[in-house]
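[1] Prediction below, plus the sequence it came from.
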Amino acid sequence: GENVEQHPSTLSVQEGDSAVIKCTYSDSASNYFPWYKQELGKRPQLIIDIRSNVGEKKDQRIAVTLNKTAKHFSLHITETQPEDSAVYFCAASPNTGNQFYFGTGTSLTVIP
Amino acid sequence: NAGVTQTPKFQVLKTGQSMTLQCAQDMNHNSMYWYRQDPGMGLRLIYYSASEGTTDKGEVPNGYNVSRLNKREFSLRLESAAPSQTSVYFCASSGDYGTANQPQHFGDGTRLSIL
């Protein structure tokens, strides 16, 4: 089955700096890669996603890049703000079966 | 639209007791999932249902059973609760099986403690 690894497990940045979280996957059949943000005590919520026919996608301060050859994808948050502090999860989903495989999460702290 | 609704939000059980966690979605999604979340472990799939009438084991199915009651509802049952099942349980649903994968939508979670 698919195996998703996520790094780093914790990340602290100063407000206004950028944050980068990286994930690798093992199954070349994976073609959909969502990112979720989970605030303390809340549900995971989708913040951005990318499909395998696209190399990069942006939404305001958030961007995701995908390298299919190397089987890795990354989340980039620019101009970080204290409200970006949360746990972020990456996931990979193969093109059949509609299963999702999650990374173990990155706890991001933005220091004011 | 309520999205994905889970009940109860909190529950405390004694070892050996049984209970059922309920989940319902109003987005007409075919696929539904149950995850458990433990500190440092991320989200681990217990069972999923790709469509009404089908269920499949995930990564950590032992000690659990599921029922896909209809398209809207997917329940998780603990037959004989054990302290190792203390966790936060999330239900999720996603778009049509067979089409391009769609993101999952999560419920608010059930915080379960087993003494």
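    Ah, there it is. Remember, it's a predicted structure, so these values are computed and weren't measured experimentally.

[2] Mind jotting down where the strands sit in chain B?
    B:4-7, B:10-13, B:19-25, B:31-38, B:42-49, B:56-57, B:64-68, B:74-78, B:87-94, B:105-106, B:110-114 (DSSP state E).

[3] Relative to residue A:99, which of those is closest?
    strand B:42-49 (6.6 Å; C-beta to C-beta). (Glycine included, C-beta is placed from N, CA and C.)

[4] Enumerate the residues of chain A near chain B.
    A:6, A:9, A:31-32, A:34, A:42-46, A:49, A:51, A:89, A:93, A:95, A:97-100, A:102-105 (C-beta under 8 Å from any C-beta of the partner chain).

[5] coming back round to it: and of the strands of chain B, who's closest to residue A:20?
    Using C-beta to C-beta, the nearest of those to residue A:20 is strand B:42-49, at 18.9 Å.

[6] quick one: contacts of the helix or strand of chain A with the lowest mean pLDDT?
    None of the helices or strands of chain A scores lower by mean pLDDT, DSSP states H and E than strand A:101-102, at a mean of 92. With contact meaning C-beta atoms under 8 Å, 6 or more residues apart in numbering or on different chains, strand A:101-102 is reached by A:1-4, A:25, A:30, A:89-93, B:42-44.

[7] just those now: which is nearest residue B:6?
    Nearest member of these to residue B:6, counting by C-beta to C-beta, is residue B:43, at 14.4 Å.

[8] Isn't the closest one up against residue A:34?
    No - look at residue B:43 against residue A:34 with C-beta atoms under 8 Å: they stay out of range, at 12.0 Å.

[9] re the thing from before, could you tell me which of the residues of chain A next to chain B count as buried?
    A:6, A:31-32, A:34, A:43-44, A:49, A:89, A:93, A:98-100, A:102-105 (16 or more other C-beta atoms under 10 Å in any protein chain shown).

[10] Closest to residue B:74 out of those?
    Using C-beta to C-beta, these come closest to residue B:74 at residue A:98, 13.7 Å.

[11] now that closest one: how far from residue B:39?
    28 Å (C-beta to C-beta, to the nearest Å).
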